[in-house]
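> build me a model:
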Amino acid sequence: MQVTIHAAKTNLSKLIEAALAGEEVVIAKGKKPVARILPIAHSAFTIGLLKGKLTGTGPDFFAPMGEDELALWEGDV
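Modelled structure (predicted):
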């Protein structure tokens, strides 16, 4: 469906519903298409998706560095 800018202003709610229903909605300036109304795709996000799948523990970033690691960090090597 192609509508003019004026018709889009007047019928925006209906055009959004049409887009949500899968219809392609194009807004035109005169006869030249300038914009398209599309629904935003929402993906299902599940909290805890990886629970029980990750094993072990990560590095302890607050543990003191060893002398060799500290020398590498400070560029003394």
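> find the residue ranges of this protein scoring beneath the pLDDT cut-off.
Within the chain, the stretches with pLDDT under 70 are 77.
> if you set the cut-off to 90 instead, what comes out?
Along the chain, segments meeting pLDDT under 90 span 40-63, 65-66, 69-70, 73, 75-77.
> all strands for it, in order.
2-4, 25-29, 32-37 (DSSP state E).
> how about the ones you listed, which one is nearest residue 12?
Nearest to residue 12, of all the strands of the chain, is strand 32-37, at 8.6 Å by CB to CB. Heads up, the C-betas are built off the backbone N, CA and C, glycines and all.
> pull the residues that contact that closest one.
Strand 32-37 has contacts (CB atoms under 8 Å, 6 or more residues apart in numbering) with 2, 5, 8, 15, 16, 18, 19, 24, 25, 26, 27, 28.
> hmm, try it at 7 Å
For strand 32-37, contacts defined as CB atoms under 7 Å, 6 or more residues apart in numbering pick out 2, 15, 16, 19, 25, 26, 27, 28.
> let me see the contact set for residue 61.
Not one residue lies near residue 61 by CB under 7 Å, 6+ apart.
> what about residue 70, distance to residue 64?
Residue 70 is 9 Å from residue 64, where distance means CB to CB, to the nearest Å.
> between these two, which one's more packed in?
residue 70 (11 against 7; other CB atoms under 10 Å).
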